[in-house]
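Trainee: attaching a predicted model along with its sequence, questions to come.
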Amino acid sequence: MAAPVLLVTNDDGIRAEGIRALADGLEGLGRVVVIAPDREQSATSHSITLDRPVRVNHLSEGWLSVEGTPTDCVLLAANSLLGEKPALVVSGINHGPNLGDDVTYSGTVAAAMEGHLLGIPSIAVSLSTGSGALHFATAARFARRIAAKLLEEGSPNGALLNVNIPNLAEEAIRGIRITQLGKRLYVDSVIEKTDPRGKPYFWIGGSPSWDAGKNTDHAAILEGYVSVTPLHLDLTDYKAVVEMENWTL
Ligand code: MN
């Protein structure tokens, strides 16, 4: 049987350190093909390019850059460039965490969502960067373990997996925990300043923080565990559906 095709993409751009570590880490699990944006596309969420042609550049064997978003990459790969549906989509390794409510902003997670929508087992992998050296090789070893398990078992309940890895040396990581998304805490998330011409401007972002409640992704990272959160895309609030049955509209 032909080796399964593993599609690797990201939102930091094809030249990012994280995607190279991920491609290296998955080597041997299948035929690794990297199809990723030609430039940084962080926080582009699940956007798709509809208003212009999308061009693809062959950089080297198994490495293609796309003038588009992470979602464009997965769509082009699965519907055209690979000539077949990949066995797995692995997105990352993102430079920075994708925790809690932030998954809705993330281009890294959106690429895995697109794979999930296409019926492909999919994983988003992020390194919770902080100060000091970045442990991409360690993160890639955990990504490989989780990818191998997903190839073996298929998606649990059809879920996509959002993986966050603490930025620690391998021996300092305490294990892998199955978690739930935490809540983002909005601290100084909009900063207002005045430009040199006296006009106000805003800077969005501030210093992100998340609650670290029991079983949350953030708590796992803080305690030195790899966090694996299974996600699905049915955003329906079923309790609200029941509550609204009594509404007169
Ligand atoms: Mn990113």
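Mentor: Received, thanks. Fair warning: this is a prediction, and the values are worked out from it, not measured in the lab.
Trainee: switch to C-alpha atoms for all contacts and neighbour counts from now on
Mentor: Noted.
Trainee: spell out which parts of the chain neighbour the ion.
Mentor: Contact residues, the chain versus the ion (C-alpha under 5 Å from the ion): 11-12, 42, 94.
Trainee: relative to residue 242, which of those residues is nearest.
Mentor: Using C-alpha to C-alpha, residue 42 is the member of the residues of the chain next to the ion that lies nearest residue 242, at 36.9 Å.
Trainee: tally of neighbours for that closest one?
Mentor: Applying other C-alpha atoms under 10 Å, we find 18 residues neighbouring residue 42.
Trainee: that one: what secondary structure?
Mentor: Following DSSP: H, G, I helix; E, B strand; the rest coil, residue 42 is assigned to coil.
Trainee: and it, backbone torsions?
Mentor: Backbone torsions of residue 42, given as degrees, to the nearest 10, read phi -60, psi 150.
Trainee: that one is in contact with residue 11, isn't it?
Mentor: Yes: using C-alpha atoms under 8 Å, residue 42 makes contact with residue 11 at a distance of 5.1 Å.
Trainee: tell me which residue of the chain is furthest from the middle?
Mentor: Distance to the chain centre peaks in the chain at residue 248, reaching 40.8 Å (criterion: C-alpha atoms, centre = their mean).
Trainee: now do the contacts for that one.
Mentor: By C-alpha atoms under 8 Å, 6 or more residues apart in numbering, the contact list for residue 248 is empty.
Trainee: now do it, the pLDDT please.
Mentor: Residue 248 is assigned a predicted lDDT (pLDDT) of 90.
Trainee: out of the residues of the chain next to the ion, who has the most neighbours?
Mentor: residue 11 (33 neighbours).
Trainee: tell me the pLDDT of that one.
Mentor: Per the predicted model, pLDDT is 97 at residue 11.
Trainee: am I right that it is in a strand?
Mentor: No: per three-state DSSP, residue 11 lies outside any strand segment and is coil.
Trainee: quick one, what contacts it?
Mentor: Applying C-alpha under 8 Å, 6+ apart, we find residue 11 in contact with 36-37, 40-42, 69-70, 91-92, 94, 107-108.
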